[in-house]
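>>> here's my sequence, what's the structure:
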Amino acid sequence: MLISSALYAQIGERGKWKIGPEYKIEHVVKPSAEIGKGELFLDLSLAYDEIHFVKKDDRFKGRFDVSIMIFKDKKKVISESWIERLTLNEFKMTNSRKELISLKKSYVLDPGKYRLEVLITDLKTQNRRKQVRDIDMTSLTQGSWMLGDLYFVKDSSKMNYNKGMPEVIFVGFTASGIEGKHDFYYSIQSRDATVSKAKFSIDLSKKKREYIFPVLTKDLNYNQYYLKLETVIDSQLYSRSIPMRVDWGGTSALIPDLEDAIDQMKYLSYTGYFPARDLKRVQKATGDEQKKFFTEIWKKIDPTPGTETNELMNEYYYRVHVANQRFSGHREGWRSDRGMIYILYGEPDAVEEYNFEINSKPYMIWLYYSVNRRFVFIDNTGFGDYQLSQPLSEY
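Have a look, this model is predicted:
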């Protein structure tokens, strides 16, 4: 099998291995000051390392294009694009993963369902990455008042395990349309279990206003959690929730749960990045020992050990994330055959689909010209579950 060497080659070819700048989108829906309207707040963030800088007159300059479009059904209601220009004084800053570029936008919209499309293009390399999100603002019209989304104050959603857990974080929401003192309840959930819960009261104001409440977090460990807030007003239940992640420094932001992240590493063991026994060892470990083994494996296969980030880890879990979005059905997308090939090889150079041939089940062919690979997927069931025509080892 030449998959391992092909993957290493991709790391050196930025345009192939890296589709475009990796960036994070956070959005919050709030009531607008305009009666009957909602407001969508966007926060786009990306590290300096994601942009290609060129030295000019003892400074380093980079440029990238941002395009934001919002659709309601098929109608485009927002379309905005602009160029961001960056100037840095030190070369080391151009490779920083800690220093972030933060772009904030807000749009007043009628309550409804929307599709958000964001495209960021590095203007030097022309590498680009598009992200699509569904935005649901219908909850603002749920009852006699408007209750917005939950959001973390001062980015307390990401807690760093290395620095120790804070005993409390702060969560906010914006509301309008009702006044008086009301009881609220929050719970922190992990998978199907409730980790903690509490009750508090808030004196609500009829005018649009932000409210902040504390959440106890000192007993949380590395994991993906959900914070759920509930209240009952005029016999109607109102509920909002938000994911929250506890991690340690150096891990990909796309790893929501450590156990899942470990299982998803199996394709790397298939392709020779590390022995299968190393994966079994980290799967069987618990607590701090599991953290140690997980960190050691990724450190060994880091293609650029002298930098702050592990590019292989970031791209690998980005591909897992995309596979889950594109290929999920009766099982998670990353577990499907198309998900596996996408994770190992990235976007195919070409796709051929054959759906109406006589005496043949629907099938498709993925072509990778740069590594001379051709994968055939057959829909044996007729339900869109395309499977490799041969085991991966036969290709």
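
>>> low-confidence regions, the chain specifically.
Counting by pLDDT under 70, the chain contains low-confidence ranges at 1-19, 154-166, 222, 247-250, 253, 256, 394-395.

>>> domains for it, by residue range?
Domain assignment of the chain by automatic domain parsing yields the ranges 3-12+251-394, 19-139, 142-249.

>>> isn't Gln264 right next to Tyr317, touching?
Yes. In terms of C-beta atoms under 8 Å, Gln264 counts as a neighbour of Tyr317; the distance is 7.4 Å. Every residue, glycine included, has its C-beta placed from N, CA and C.

>>> can you put the domains of the chain in JSON lines and add mean neighbour count?
Shown next, in JSON lines, are the domains of the chain (neighbours: other C-beta atoms under 10 Å):
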{"stretch": "domain 3-12+251-394", "mean neighbour count": "16"}
{"stretch": "domain 19-139", "mean neighbour count": "16"}
{"stretch": "domain 142-249", "mean neighbour count": "15"}
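
>>> all helices of the stretch 1-150 of the chain, in order?
For the stretch 1-150 of the chain, helices defined by DSSP state H, counting those that start in this stretch occupy the ranges 3-12, 14-17, 91-94.

>>> helix, strand, or coil at Glu357?
Secondary structure state of Glu357, per DSSP: H, G, I helix; E, B strand; the rest coil, is coil.

>>> could you find the closest non-adjacent residue to His52?
Using C-beta to C-beta, 6 or more residues apart in numbering and skipping residues adjacent in sequence, the residue nearest His52 is Lys124, 4.1 Å away.

>>> for stretch 348-359, how far is the first residue from the last?
Stretch 348-359 has an end-to-end distance of 27 Å (C-alpha to C-alpha, to the nearest Å).

>>> spatially central residue for the protein, please.
By C-alpha atoms, centre = their mean, the mean C-alpha position of the chain lies nearest to Leu254, the distance being 5.0 Å.

>>> residues touching that one, list them.
Leu254 makes contact with Asn314, Tyr317, Tyr318, Val320, His321 under the criterion C-beta atoms under 8 Å, 6 or more residues apart in numbering.

>>> mind putting the residues you listed in TSV, secondary structure included?
Shown next, in TSV, are the contacts of Leu254 (three-state DSSP):
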residue	secondary structure
Asn314	helix
Tyr317	helix
Tyr318	helix
Val320	helix
His321	helix
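
>>> and which of these is nearest Asp302?
Comparing these against Asp302 with C-beta to C-beta places Asn314 closest, at 10.6 Å.

>>> and the gap between the nearest residue to that closest one once chain neighbours are set aside and Leu220?
In space, and not counting its chain neighbours, Asn314 is closest to Ser252: 5.0 Å by C-beta to C-beta, 6+ apart. Distance of Ser252 to Leu220, given as C-beta to C-beta, to the nearest Å: 19 Å.

>>> next: Gly272.
From Gly272 to Leu220 the distance is 36 Å (C-beta to C-beta).

>>> try Asp110
38 Å.

>>> can you show me the strands along the stretch 101-250 of the chain?
When assigned using DSSP state E, counting those that start in this stretch, the strands of the stretch 101-250 of the chain occupy the ranges 113-122, 128-136, 146-147, 151-152, 158-160, 168-176, 180-190, 193-204, 209-216, 223-233, 236-247.

>>> just send the ones you listed back as a markdown table, with distance to Phe60 too.
Output for these, formatted as a markdown table (distance: least, C-beta to C-beta, whole Å):
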| stretch | distance to Phe60 |
| --- | --- |
| strand 113-122 | 14 |
| strand 128-136 | 21 |
| strand 146-147 | 45 |
| strand 151-152 | 32 |
| strand 158-160 | 28 |
| strand 168-176 | 36 |
| strand 180-190 | 43 |
| strand 193-204 | 45 |
| strand 209-216 | 38 |
| strand 223-233 | 36 |
| strand 236-247 | 30 |
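
>>> can you tell me the SS state at the residue nearest to the centre of the chain?
With three-state DSSP as the basis, Leu254 sits in coil.

>>> against Arg240, how distant is it?
Leu254 sits 24 Å away from Arg240, going by C-beta to C-beta.

>>> start and end of stretch 137-145, how far apart?
The straight-line separation of the ends of stretch 137-145 (C-alpha to C-alpha) is 14 Å.

>>> returning to what we had before: and of the strands of the stretch 101-250 of the chain, who's closest to Ser360?
Nearest to Ser360, of all these, is strand 128-136, at 32.6 Å by C-beta to C-beta.

>>> in its sheet, what does the closest one sit against?
Strand 128-136 pairs in its sheet with strand 113-122 (antiparallel), by DSSP bridges.

>>> show me where the stretch 251-395 of the chain has its helices.
Taking DSSP H, counting those that start in this stretch as the test, the helices found in the stretch 251-395 of the chain are 258-263, 266-270, 276-284, 287-300, 311-327, 337-345.
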